[in-house]
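Asks: Coordinates only, no sequence provided:
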């Protein structure tokens, strides 16, 4: 066989071989095109949905993961000094408002209360004595006024006698001795009247003195009554009660410890005073207004979303209230985006989960369309 014939035979064999391999490859390429087309359709639909979602919702949302659950924690401390006599609660115990948390030894305060009440009783007896003295003094005033009236009557009689005897003496009917006796009687009556009037003034002054003493005693009694109230208050303060429903935490005392006024003894995390504090960048604040809806997700409950509300915005950035505020009036200045704390309330269903704890991390997204006065 010549060389051209061999080449044509080889080409025929190659063509036959290629024809045999193309037959099964064509269906595979068709399936591949279908898969790629489906994937492209999914990608396009996903991109379209993402774009539609961003245009209709996403562009109105502003969020941050710099958010934490906070609580208005009540710090339990004593206002009086004493030794711990009883601890009815333990760490992480749930209590109701008014439940006893700590009892201090109240022996000294009971004695102080009894002493204050005894002093009030003594003041009452003092007032009763002064009232009796006032009654006697007023009787003395009445007696002095009666003596004055009698002295005035005697003076009028002595005056009449003197005038009659003087007239008789001028007509030489009465003797000089009778005139002298009448003058003496007149002078005596005048002096007696002056004495009686002075006695009236003295008796009235005594009444005024006693009334003033009674007022002073009433003032002293009022002070003693205030001392009783203070002693009763101090006695009541030996029992520390829960100010609201919550969980006792950070209990730092034992029975027998000496408690001083102002010493922090425990903390009470309330049940219904939890909220989220989110720190938004200053560039995110437009549209974050009081009343706006907030989508809240807790790291402890990643699959649960809560509908919160913006309650308030802090009047200053967090850096202003730090212990060491930034000093920007220097030669080396680097601008740092500041964050403003935003307080967000939680719905009742968030509390019903029982999973809320102060300090938990959260992710929040504020819907700027729901802000009062906002336009969609």
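Replies: Cool, got the structure. As the structure is a computational prediction, the values presented were derived from the model and not from experiment. Numbers count the residues shown, from 1 in each chain.

Asks: In space, not sequence, find me the middle residue of the protein.
Replies: In the chain, the C-alpha nearest the mean C-alpha coordinate belongs to residue 74, at 9.7 Å (CA atoms, centre = their mean).

Asks: That one against residue 246, yeah?
Replies: Yes - the pair residue 74 and residue 246 qualifies as a contact (CB atoms under 8 Å) at a distance of 7.3 Å. From N, CA and C alone the C-beta is placed, and that goes for glycine too.

Asks: intersection of neighbour lists for these two?
Replies: Between them, residue 74 and residue 246 share the neighbouring residues 268, 270, with contact defined by CB atoms under 8 Å, 6 or more residues apart in numbering.

Asks: hey, where'd the helices end up in the stretch 251-376 of the chain?
Replies: Listed in chain order, the helices found in the stretch 251-376 of the chain under DSSP state H, counting those that start in this stretch are 348-352.

Asks: ditto for the stretch 51-200 of the chain
Replies: Going by DSSP H, counting those that start in this stretch, the stretch 51-200 of the chain shows helices at 107-170, 176-236.

Asks: Measure how far the shortest one is from the centre of its chain, please.
Replies: Once both centres are worked out by CA atoms, centre = their mean, to the nearest Å, helix 176-236 turns out to sit 53 Å from its chain's centre.

Asks: Show the subsequent helix or strand relative to it.
Replies: Downstream of helix 176-236, the first helix or strand assigned by DSSP states H and E is strand 239-241.

Asks: So which elements touch that next one?
Replies: Counting contacts by 3 or more CB pairs under 8 Å, 6 or more residues apart in numbering; DSSP states H and E, strand 239-241 is packed against strand 100-104.

Asks: Compute the mean per-residue pLDDT across the strand it packs on, please.
Replies: For strand 100-104, the per-residue pLDDT values average out at 95.

Asks: That one: which residues count as buried?
Replies: When burial is assessed from 16 or more other CB atoms under 10 Å, strand 100-104 yields the following buried residues: 101, 102, 103, 104.

Asks: right, and the second one touches residue 240 too?
Replies: What it means is residue 102. Yes - with the criterion set as CB under 8 Å, residue 102 and residue 240 qualify as a contacting pair; they are 4.2 Å apart.

Asks: Residues in contact with both of the two, list them for me.
Replies: 76, 78, 265.

Asks: The residues you listed in strands, which ones?
Replies: Using DSSP state E to define strands, the subset of these located there is 76, 265.

Asks: will you turn the shared contacts of residue 102 and residue 240 into TSV that also has distance to residue 292?
Replies: As requested, those are arranged in TSV below (distance: CB to CB, whole Å):
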residue	distance to residue 292
76	36
78	42
265	40
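
Asks: Could you find the closest non-adjacent residue to the residue nearest to the centre of the chain?
Replies: Leaving aside its sequence neighbours, residue 74 sits nearest to residue 268 (CB to CB, 6 or more residues apart in numbering; 4.3 Å).

Asks: in terms of contact, does the one you found touch residue 241 like I think?
Replies: No - no contact is recorded between residue 268 and residue 241 when judged using CB under 8 Å, the distance being 10.3 Å.

Asks: Tell me which of the two has more neighbours.
Replies: Between residue 268 and residue 241, counted using other CB atoms under 10 Å, residue 268 has the larger neighbour count: 24 against 14.

Asks: Just list whatever residues bridge to that one.
Replies: Listed beta-bridge partners, residue 268: residue 74, residue 248 (assigned using DSSP bridges).

Asks: where's it relative to residue 295, distance?
Replies: Using CB to CB, to the nearest Å, one obtains 30 Å as the distance from residue 268 to residue 295.

Asks: Ok, residue 199 next?
Replies: The spacing between residue 199 and residue 295, counted by CB to CB, is 94 Å.

Asks: tell me the domain boundaries of this structure?
Replies: As recorded under automatic domain parsing, the domains making up the chain are 62-72+270-370, 74-105+239-267, 107-236.

Asks: Could you give the separation of the longest one from the chain centroid?
Replies: A distance of 56 Å separates the C-alpha centroid of domain 107-236 from that of its chain, computed with CA atoms, centre = their mean.

Asks: what does stretch 323-335 give?
Replies: Once both centres are worked out by CA atoms, centre = their mean, stretch 323-335 turns out to sit 36 Å from its chain's centre.

Asks: can you tell me the distance between the two ends of that stretch?
Replies: Distance across stretch 323-335, first residue to last, is 20 Å (CA to CA, to the nearest Å).

Asks: what is the mean pLDDT for that stretch?
Replies: pLDDT averaged over stretch 323-335 equals 72, rounded to a whole number.

Asks: Please work out which residues outside it touch it.
Replies: Here stretch 323-335 makes contact (CB under 8 Å, 6+ apart) with 319, 336.

Asks: for the chain, what's the longest strand?
Replies: The longest strand of the chain (DSSP E) is strand 301-313.

Asks: ok, back up a step: now the domains of the chain in a markdown table, with distance to residue 29?
Replies: Compiled in a markdown table, the domains of the chain are given as follows (distance: least, CB to CB, whole Å):
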| stretch | distance to residue 29 |
| --- | --- |
| domain 62-72+270-370 | 43 |
| domain 74-105+239-267 | 67 |
| domain 107-236 | 91 |
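
Asks: Of all those domains, which one is nearest residue 42?
Replies: Between residue 42 and the domains of the chain, the shortest gap by CB to CB is with domain 62-72+270-370, which sits at 24.6 Å.

Asks: contacting residues for residue 113?
Replies: Contact analysis of residue 113 by CB under 8 Å, 6+ apart lists 228, 231, 232, 234, 235.

Asks: Quick check, pLDDT for the third one.
Replies: Residue 232 is assigned 96 on the pLDDT scale.

Asks: Much appreciated, bye for now.
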